[in-house]
Structures are given as structure tokens and as C-alpha cells.
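A.B. asks: Turn this into a model:
(chains A and B)
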There are 2 protein chains.
Amino acid sequence: MKVKVAISAHHIHLTKKDLDILFGENYELHKRNDLSQKGQFASLETVKIKTLKGEMVLRVLGPVRDYTQAEVSKTDAYKLGINPPVRNSGDIIGSEKVTIIGPNGIIEDKECCIIADRHIHMSEEESINYGLKNGEIVSVKVNGEKGGIMNNVHIRVASNFSLEMHIDTDDGNAFLLSGGEELEVIK
Amino acid sequence: MKVKVAISAHHIHLTKKDLDILFGENYELHKRNDLSQKGQFASLETVKIKTLKGEMVLRVLGPVRDYTQAEVSKTDAYKLGINPPVRNSGDIIGSEKVTIIGPNGIIEDKECCIIADRHIHMSEEESINYGLKNGEIVSVKVNGEKGGIMNNVHIRVASNFSLEMHIDTDDGNAFLLSGGEELEVIK
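C.D. replies: Have a look, this model is predicted:
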């Protein structure tokens, strides 16, 4: 099977509570553009994350979630002087602490910063069609001058998901992928 | 066979002529530290490379060479707004043009900027022992949470080389390698 790849730049998800602290009571995010996964969008809003070593502007993705989570690349992590774990979305216990700065407020030392694992979204129907289960691990082959194989690619199945592989900018740049390429999944 | 990996950050090699232009007539580089390949060193000197979109400071590696060559990652290339080809060292015809700025002079629109290909240095003796020829292409396996396989790794044999794999910071960060890891070579 083939899967289209998308490159996720660093970004942040916020809870309603943290959005209120950072942007003001009952603040609503302003959609800039839809993302490929249904209901998800990039907002016009950004926050700054700050560590002892550095700081970085992250775009806020909407809608609000049950957890606040900053997703950065290893390249970003070196600039920030932190060592975030490679994690599935939402798995933030023991992740790196960063201070989040918004126009209305600051959240200090928030345990929320991860490097997102490589993953493939798919619907339940696609999961059945391809014979892949939620949580299964596959590999993905990349052709080209800096091609190779990415291991530890996590299958994520949900009714509102559609078939797409997500990797971070380090994987994208290392394998010379710019997004939209069709890659081969190896079970 | 196993090979130890080293991560090459962006850097520049200069000809004697270009060193003279950038730093002054008969200028000599000052060694900061030796590199693992015999005779090669990081100097105290840096230059700035400049494009229409951005600029970046690169450390000068010595000694002077027969060609001037700036080596950057794809991540750097996005910042600079250029599209350097993936090349073997010295293969700079048709590479990206950047302006090089030193304390004594400027070299405008120099065709010199590449993304270095993944490669393994080895001596002639090591080449015979491992049954690998100069120019041969191998793959290299990486374990770990963001492991996988790097294809198109070029074997480079010379009497003054010693066994070591060189990758750029994008490959290092994508595969969570920090340098010094022993990786498996797949023929």
C-alpha cells in the first residue's frame, strides 16, 4: 500500500483553560486554514515557548484539546536546550517543561513538549481494507537521493481520520521530502 | 560490519585564492581543533554566506583545498531560500551560488553550495578488509525510536582516510543520532 506524506512543522495544541490564560477568558481561535485531518485547523494565533536556553514561536492548532502539547523537532530541541521524548500525541507525562507565553498571560514550566512519533492516520474503514490495526507499527520506504526506510511508524485509527502519514521537519528534510509524496508502507 | 558515525554541521572549505580574498593576502588559518580525518581541522575562522533570502555563519575547515565548497543541510537551505544538490565533495559544477563574506573581502555569487551526500571514509587497507570499493553504494541501519535505514551511502577510499561515516545534521536529528554511535553497514 501507498500513503501520502505530510510534514508537520513545530506547533502547539492548547486546552480551553490554557487558551483562556494565554489569550483571555473565553477566547476563540481564528481559523487561518483547514488541515487535512477533518476538523483540525491552523489558527492565526501563535504563542512563544521559552526555555533557559532559547525561545521559539509556535502556531496554535485548533480546535482546543484535552491536553496542552507543544510538538518540536530534534533540531528545535537543540536550539531550546531541551531533550523532549518521542511520543504519541497526548502522551505527555514526563515530557519536557517549557514556559508558554501568550498576549494575555504566561504558563510557567508546563510539562507539554514532545517530539511527535512518525505516524499514519486512517479511518476504521481504511484500517480494515489495509489490514492494519490501531497501534500497529510499520515501516515506510522513501526513494530518492537521500532515501531509505523509516521504522517505528505508528498506525492511528479513528472514525474522523483520513489516510495520511505525518512526519516532522527533521524526517522531511533528512529524506528530502516536501510533503505530498506517495510512500510505500512495509508491514 | 559496523561503522562509527560523525555528524557534520554546516561548514565551508576554501581555496588558497579565496582565503586570500576573504581574509587577506597569504592569510593562514588558525587551528581550533583537529577533526577525525587525518590532517583536517576546524579553524578559528568563520565566514558569512548570504543569499537573497538569508545569511548564515559557517566555520572554515582547513587545510585549504583545490575547490571552495559550502556544505549545508536541507534545513539550512530552506532558511537561505536555495536548493543545493546532494553531492560528493568536490563535485560543485551546477551547485547553488552564494555570496561569501569575510573580514577582508567578498566573493559574490560563488557556485559552491551543496548538501553533502551520506558517505563512509576508509583507508585502502580497510577497503580491502571489508570488501568495499571506492564509489560503491551501501545502506546503513540505525536502531532506536526513530531508527531506520539510510540508503545511498557512498564509500570513499583514500590512503589518509580512516573508517568513519559522515552524515549531515538533518540525518543526525531525524534518526536521533548525536555522533559516535556504531551503525551496521548493509551491502
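
A.B. asks: residues touching the nearest residue to A:Gly81 once chain neighbours are set aside, list them.
C.D. replies: Using CB to CB, 6 or more residues apart in numbering or on different chains and skipping the chain neighbours, the partner closest in space to A:Gly81 is A:Lys53 (2.9 Å). The way it works is simple: take the backbone N, C-alpha and C, and place the C-beta from them, glycine included. Going by CB atoms under 8 Å, 6 or more residues apart in numbering or on different chains, A:Lys53 touches A:Lys79, A:Leu80, A:Gly81, A:Ile82.

A.B. asks: at 10 Å instead, please
C.D. replies: By CB atoms under 10 Å, 6 or more residues apart in numbering or on different chains, the residues touching A:Lys53 are A:Tyr78, A:Lys79, A:Leu80, A:Gly81, A:Ile82.

A.B. asks: Roughly how far does the second one sit from A:Gly54?
C.D. replies: So that's A:Lys79. For A:Lys79, the distance to A:Gly54 equals 5 Å [CB to CB, to the nearest Å].

A.B. asks: And for A:Leu35?
C.D. replies: From A:Leu35 over to A:Gly54 (counting by CB to CB), the distance is 27 Å.

A.B. asks: which bits of chain A sit near chain B?
C.D. replies: Applying CB under 10 Å from any CB of the partner chain, one finds that chain A approaches chain B through A:73-78, A:85-87, A:115, A:117-118, A:139-153, A:167-178.

A.B. asks: run the last query once more with 7 Å
C.D. replies: A:73-75, A:86, A:145-152, A:170-171, A:173-174, A:176 (CB under 7 Å from any CB of the partner chain).

A.B. asks: Strands - which of those land there?
C.D. replies: The strands, defined by DSSP state E, take in A:Val86, A:Gly148, A:Ile149, A:Met150, A:Asn151, A:Asn152 from the residues of chain A next to chain B.

A.B. asks: Among those residues, which one sits closest to B:Leu58?
C.D. replies: Relative to B:Leu58, the closest of these is A:Gly148; by CB to CB it sits at 26.7 Å.

A.B. asks: Could I get the full set of strands for chain A?
C.D. replies: Under DSSP E, chain A gives strands at A:2-8, A:11-13, A:31-34, A:41-50, A:55-62, A:69-71, A:86-87, A:96-101, A:106-116, A:119-122, A:137-142, A:148-157, A:164-168, A:182-186.

A.B. asks: Show me where chain A dips below the pLDDT cut-off.
C.D. replies: Regions of chain A meeting the criterion pLDDT under 70 are absent.

A.B. asks: And the closest residue to A:Asp76 other than its chain neighbours, how far from B:Ile92?
C.D. replies: Closest residue in space to A:Asp76, ignoring its immediate chain neighbours: A:His10 at 5.4 Å, by CB to CB, 6+ apart. With distances taken as CB to CB, A:His10 is found 33 Å from B:Ile92.

A.B. asks: before we move on, back to that, which of the contacts of A:Lys53 ranks first by neighbour count?
C.D. replies: Neighbour tally across the contacts of A:Lys53 (other CB atoms under 10 Å in any protein chain shown): the maximum, 23 neighbours, falls on A:Leu80.

A.B. asks: just to revisit the earlier point, buried among the residues of chain A next to chain B? Need that as a selection in PyMOL.
C.D. replies: Buried members of the residues of chain A next to chain B, defined by 16 or more other CB atoms under 10 Å in any protein chain shown, are picked up in PyMOL with:
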select buried, chain A and resi 73+74+75+86+146+147+148+149+150+151+152+170+171+173+174+176
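
A.B. asks: Report the contact partners of A:Asp34.
C.D. replies: By CB atoms under 7 Å, 6 or more residues apart in numbering or on different chains, the contact set of A:Asp34 is A:Phe41.

A.B. asks: just checking, A:Glu111 touches A:Ile92?
C.D. replies: Yes: using CB atoms under 7 Å, A:Glu111 is in contact with A:Ile92, at 6.3 Å.

A.B. asks: Look at the two and report which has more neighbours.
C.D. replies: A:Ile92 (20 against 13).

A.B. asks: OK, contacts around the more buried one?
C.D. replies: A:Ile92 makes contact with A:Tyr67, A:Gln69, A:Glu111, A:Cys112, A:Ile114, according to CB under 7 Å, 6+ apart.

A.B. asks: still on that earlier bit, please identify which pair of the ones in strands among the residues of chain A next to chain B lies farthest apart.
C.D. replies: It's A:Val86 and A:Gly148 that sit farthest apart of those, by CB to CB, at 17.9 Å.

A.B. asks: Specify the beta-bridge partners of the closest residue to A:Lys141 other than its chain neighbours.
C.D. replies: Nearest residue to A:Lys141, sequence neighbours excluded (CB to CB, 6+ apart): A:Glu184, at 4.4 Å. With DSSP bridges as the criterion, A:Glu184 is bridged to A:Lys2, A:Lys141.

A.B. asks: For A:Glu184, list the residues it contacts.
C.D. replies: A:Lys2, A:Val140, A:Lys141.

A.B. asks: can you check A:Gly105 too?
C.D. replies: By CB under 7 Å, 6+ apart, the neighbours of A:Gly105 are A:Ile21, A:Leu22.

A.B. asks: ok, so what distance separates it from chain B?
C.D. replies: Going from A:Gly105 to chain B by CB to the nearest CB, to the nearest Å gives 31 Å.

A.B. asks: ok, now A:Asn33?
C.D. replies: With CB to the nearest CB as the criterion, A:Asn33 and chain B are 20 Å apart.

A.B. asks: mind listing what that residue touches?
C.D. replies: A:Phe41, A:Ala42.

A.B. asks: Tell me how far it lies from A:Gly131.
C.D. replies: Taking CB to CB, one finds A:Asn33 at 33 Å from A:Gly131.

A.B. asks: and what of A:Asp76?
C.D. replies: Distance, A:Asp76 to A:Gly131, using CB to CB: 36 Å.

A.B. asks: Understood, closing this out.
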